[in-house]
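Undergrad: Output the structure for:
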Amino acid sequence: MSQPNVPNDDVLSIPRNPGHVNAYELGAGVSRTYGSSLFGMDLVYQPAWSTTSDTAFENDFRFSNAVFRMGVSHDVLPVRLEKTLALQLGLMVRAVHYNLSQQDLVAATSQRLEESWLEWTPTWGVSLRFADLELRYRGLVTHGTDRMIPQAPQGFVALDQRPNGIFPFPGPATQMALEGVHVVTHQVSISVPLK
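TA: The predicted structure follows:
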């Protein structure tokens, strides 16, 4: 994908310069049925490369992410009763790893930033299927990492306050930290087949 520009907003502080992005996804999965139980898992690798530039900065991103998912579903009530109660459990683990190389074309300097973290999401659910209706509940908790937060160093330090207008790259004395985040999601759905 080529991008002439990305709209500015106050939510994210990321490079918004013209650039080019390549992203791919390669995965494999298996599933198996044991009586009234179904088990499945898959593994996905997601490499991506992004380059943005303007008259002052060149940014080179390299992402190397992976996702592992597994889950099991078990039918509790027999199908012959024309309704089925199913219980589901699952787990998703996402590994995020990226490198950012930034060149300051005005000051003729360069900086590198490398970050990686794990996000994991246990899931659970229950569904009740009738002949012409399905009720489903799904819950999940994502344990992961939020965006980078600057931390105040001990003592007085003069920071580089040059407006770069792009990635929140720390000045020479700024310390950055990835803060943890937990997101709980509940979903209830009703499915009716169209005849």
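
Undergrad: Mind listing the strands the host helix or strand of residue 47 pairs with, and their directions?
TA: Using DSSP states H and E, residue 47 sits in strand 37-53. Sheet pairing for strand 37-53, assigned by DSSP bridges, gives strand 19-23 (antiparallel), strand 26-34 (antiparallel), strand 57-75 (antiparallel).

Undergrad: Which residue ranges of this protein form strands?
TA: Applying DSSP state E to the chain gives strands spanning 2-3, 19-23, 26-34, 37-53, 57-75, 84-104, 109-129, 134-151, 175-191.

Undergrad: and the ones you listed as TSV, adding mean pLDDT and mean neighbour count?
TA: Bear in mind the C-beta positions are built from the backbone N, C-alpha and C, glycine included. Formatted as TSV, the strands of the chain follow (pLDDT from 0 to 100; neighbours: other CB atoms under 10 Å):
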stretch	mean pLDDT	mean neighbour count
strand 2-3	68	10
strand 19-23	85	14
strand 26-34	96	10
strand 37-53	93	16
strand 57-75	92	17
strand 84-104	91	16
strand 109-129	90	14
strand 134-151	79	14
strand 175-191	81	11
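
Undergrad: how about the strands paired with strand 37-53 in CSV, adding distance to residue 145?
TA: Rendered in CSV, the data for those read as follows (distance: least, CB to CB, whole Å):
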stretch, distance to residue 145
strand 19-23, 20
strand 26-34, 23
strand 57-75, 13
